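S.K.: Quick one, structure for this:
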Amino acid sequence: MPTRFIVLCCCLAPVTRAQTPWSLQNLRPLTQYTSLSTALSPNGDVYIAGPPVGFHWPQPTRTIGDTSSEEILISKLDASGNPIYVTVIGGAPSGFLALDAAGNLYVYGNGANASTFATTPGAFSAKASVTFGDYVCKLHAADGSILFCSFLETSGLFGTGSLAADPMGNVYFAESGPTHYATPTQGALALGARAVQVTKLDPVGAIIYRAEFSGPQGKGYPTNIAADAEGDVWVTGYAAPDFPTTPDALLPSTPQTIAGFLSKLNPSGTALLYSTFTDGFGSAARVAVDGVGNVYETDGTNAGTAILRKYSPEGTAILYKLDLANSTLAGLPFAVDALGEVTALGATTSVNFPTYHPVDACGPPSFPGSLGSLGDWVLIRVDAAGKLLESTFLSIPAPYPQLSTEFVRYPQMAANGYFLITSTAMTNLAAGFRQLGIGRLGPAAGPPINLSCAGNAANVRLAALAPGEIVSLFGNGLGPASPVSAQLANNRLPFNLAGTQVTFAGIPAPLLYSSDSQINAIVPWEIQGLSTADVCVIYQSNSTNCMTMDVANAAPGIFQLPSGYAAVVNQDGAINGPRNPAAIGSIVSLYVTGLGPLSPTPVDGSVVGLPLPALANRVRVDFQQYAQHAVASGQVLYAGPAPLEVAGLYQINLLIPELPVSQAPIPLTMVQIEVDLADGNSVRTAVPGLPIAIQPAGAGNGAPP
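M.R.: Numbering: from 1, shown residues only. The predicted structure is shown next:
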C-alpha cells in the first residue's frame, strides 16, 4: 500500500516593524596570509598578528625580547591595508588579539618561552611558572609601542574571545587549564576544583586578582568574556551539572551531562554575583555588555536553533530571547551599538531559514557535504526591545563564497557594520595563502525580495537541482495566505495552484503545495543537461525575484518524519520508529527524492504507473551506529520511482544488514544514501544522515524477517 510523504509545511511569525534593511555595501581584500590572528576597531582599523613566514611583513618599527628562536609580529593596517606600525615580540610563537575602548591592543596566548620572552618592569610576573607559559602584552594605540609584557604564571587553554578590557583600562583573561594551575590571589574566589580561571590585571600589567571556580568534578570551560563599566566581568562557557550557581539563578540546575553557563564576578574577584546554567550547549557561546550594563549572549542548541538573549545588568531577568531555527550564531560574531541594537552574522545549511525583510537570496554551497562548511551566510538585526529588524541570507562574492570554520577561528565584527572575513579556499595554492578581507554592512540599495531560497524538500538543505527532484521554495508573498495542497486531475498535478506558478529555466513546474511563505514543486525533467537554471515565481500575475541555481545529475535527500526518523516503512507495513524497529535481515522501503533521471522520462507532474521507469544512476545505502565508525551497507533490491506516486518521489527497497553489537536496547543508527553517477562521480546525502530504528540481533522480532 503506497504511503505519501510529500507535503511539507513551515510557519513563520516575523515581527512587524518598519525598518530599512541592511546588505553588503562593499568588500575589499586586505592581504594574503597563511596563519594570522586579527582584531577590528569600530572605525574599521585592522590589526593582524602572526609568525614571520606566511605574510609579507614590512620592516619592524620596534622589537622586544629575543627573536633568535621564535617571534610574533603585530601590525596595524590603515583603510587601504598599508601597515602603520610593525611590532615584534620575541619568544612568543603565536597569540590572539583584543582591543580596549582607547584603541590599545592586547596580544595574549600560550607557549611563551621562559628564557627568550621579555617582560617589562612593574608587570605582574617576570617569570613563567613552566618552560612555556601564558603571556600578555599591551601595545599603545598610536604607534604600537610596548606598554607592558608579562607572564601569567599559568599554562592553560586560551581561545579567541578569552580577553576583555573595561573602560578603566583593566584587562581580564578567562582560561581553563587542566595542569599548572597558579594559586589564586589572597581573598579571591576559589571554588570546587577551580577549572575556570579569571585573571584581572590593571592598566600597567600588575595583578589585581586571580579567581578560580567550578564544581567538585573540575569540568568547566570558559569560551568568552566581557567586562562592564563597573569592573564586573561576565564569563560564558560549558560545564558539568555540579557547576556553582547562585540562589537567584534563572536555571539553577541542568539534566545534561554538559551544559552552558553564564557567570558574573564582582570587581575584586572575591565572589560570584550571579551564576546560572543556560539552555544552550555553551561550547561556542559569546557574550557582550552594552553601555548601561545589559548583557547579550549568543549560543546554539543541539536542535540547530540559534539563540540570542538579552539579560538585565544583574543577570536575573531575560529581557528578550530570540530563537532562530535552522541556523547557528554560536562562535560567530555579533556587535551591540549605542542604542542597544544587535547586528549578528550567522550561518545556515537549511533553505527554510526564517527570513524577514530579506535583501539577498541564498547561494549554492561551494563545498556541498563538507564537514568544514557551515553553509550560507545570514545577517540578523534586532532592536533594543528584542524586535526582529531583519533576518536575511547575505550574498558574499568570491573569493569568500561561503562561511567556513576558518572564519570561526577569529571572528571579528564592529557595531557600525564592519567585519573581517577569510576566504574558504586557498587564493594562491602554490604558496598556501588565504585571502583576508574587510566588509561593511549598511542600508540596502534595493527593496526587500520575495523569494529567499530553494532546495531539496526532503532534507531542506542547500544543494543543486536535479531533474524530477521535489523542492521547497521559501520567502514571502509567494502564494495565498491560507495554504493550498494540490489535487490530482487526470493523474497529473497542476502547474497553477491558487494563482501560484513556478518555472525552472523558463519551464513550468508541477506544484504540490502553495502558501504565502512556502511552495513545494517538482523540478521539470527537461532541465537535464543544463548547468544552471533560473528559478522564478509568479503569484497573481506578479513576478518575484529569480534565483540562479546549479543543476546536477542527482541531489539525493531522505524524507524525514515528524518523529525525526527517516521515512521508512518496515516489511510488516508499519512506519519505522523506536516502537517499530526493523529486524536484521528484514526488507524496508526508504522514501527519498533527487535520485536523478528515469528512462523513459515521465511526463512532468504525472503519476508513475507500470511498467516502472528505470533509474539511470546506481544507489548505495549505508548504515552507521551513532558514535561508532563501522559502516554497513544494505543490499539494495530496488531503487526507482515509487509506484503509483507522483514522479519525483523515489523508493528504495533494501535488506537491513548486520550491525555492530551495541549495549543499547535499540541503538541509534543513521542511514545515508550515495548516488553513483554515469560520469564516475558520486554524491551523498548530508552527514550524518537520518536515524532509523533497527532491532539488534537476538533482541526480539521487532519486525518480521
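S.K.: Output stretch 463-470 as PDB, nothing but the C-alphas.
M.R.: These are the backbone C-alpha positions of stretch 463-470, laid out as PDB (Å, rounded to 0.1, in the frame of the first residue of the first chain):
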ATOM      1  CA  ALA A 463      22.000  21.800  -2.800                       C
ATOM      2  CA  ALA A 464      21.900  21.800  -6.600                       C
ATOM      3  CA  LEU A 465      18.800  21.000  -8.500                       C
ATOM      4  CA  ALA A 466      18.200  17.600 -10.100                       C
ATOM      5  CA  PRO A 467      15.700  16.600 -12.700                       C
ATOM      6  CA  GLY A 468      12.500  15.300 -11.100                       C
ATOM      7  CA  GLU A 469      13.600  16.500  -7.600                       C
ATOM      8  CA  ILE A 470      10.900  17.600  -5.100                       C
END
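S.K.: Residues in contact with that stretch: which ones?
M.R.: Residues external to stretch 463-470 that are found in contact with it (Cβ atoms under 8 Å, 6 or more residues apart in numbering): 6, 364-365, 368, 455-458, 471, 504, 512, 520-528, 533, 535, 549-555, 557, 593-598, 602, 647-649. Yep, even glycine has a C-beta here, placed from its N, CA and C like the rest.
S.K.: same thing but at 7 Å, please
M.R.: Contacts of stretch 463-470 with the rest of the structure, by Cβ atoms under 7 Å, 6 or more residues apart in numbering, involve 6, 364-365, 368, 455-458, 471, 504, 520, 522-523, 525, 527-528, 533, 549-555, 593-594, 596-598, 647-649.
S.K.: Can you get me the start-to-end distance on stretch 234-254?
M.R.: Terminal residues of stretch 234-254 lie 20 Å apart, using Cα to Cα, to the nearest Å.
S.K.: buried subset of the contacts of stretch 463-470?
M.R.: Burial by neighbour count, judged by 16 or more other Cβ atoms under 10 Å, picks out 6, 364-365, 368, 455-458, 471, 504, 520, 522-523, 525, 527-528, 533, 549-555, 593-594, 596-598, 647-649 from the contacts of stretch 463-470.
S.K.: List the residues that contact the closest residue in space to Ser263 that isn't next to it in sequence.
M.R.: Residue nearest to Ser263 in three dimensions, not counting chain neighbours: Ser275, with 4.1 Å by Cβ to Cβ, 6 or more residues apart in numbering. Under the criterion of Cβ under 7 Å, 6+ apart, the contact list for Ser275 reads 244-246, 249, 261, 263.
S.K.: Run a quick neighbour tally on Lys264.
M.R.: When neighbours are counted by other Cβ atoms under 10 Å, Lys264 registers 22.
S.K.: was I right about it contacting Tyr274?
M.R.: Yes. Counting by Cβ atoms under 7 Å, a contact exists between Lys264 and Tyr274, whose distance comes to 4.2 Å.
S.K.: anything in contact with each of the two?
M.R.: Between them, Lys264 and Tyr274 share these contacting residues under Cβ under 7 Å, 6+ apart: Gly315.
S.K.: ok, for Ala639, nearest residue in space, not its chain neighbours?
M.R.: Nearest-residue entry for Ala639: Val619, 4.1 Å, with adjacent residues in sequence omitted and distances by Cβ to Cβ, 6+ apart.
S.K.: Just the C-alphas of the one helix or strand the one you found maps to, formatted as CSV.
M.R.: Using DSSP states H and E, the secondary-structure element containing Val619 is strand 618-625. Extracted in CSV, the C-alpha atoms of strand 618-625 (Å, rounded to 0.1, in the frame of the first residue of the first chain):
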residue,chain,number,x,y,z
ARG,A,618,23.3,3.5,-9.1
VAL,A,619,22.3,3.8,-5.5
ARG,A,620,24.0,2.6,-2.3
VAL,A,621,22.6,2.8,1.2
ASP,A,622,24.9,2.9,4.3
PHE,A,623,24.1,2.4,8.0
GLN,A,624,26.2,3.6,10.8
GLN,A,625,25.5,3.4,14.5
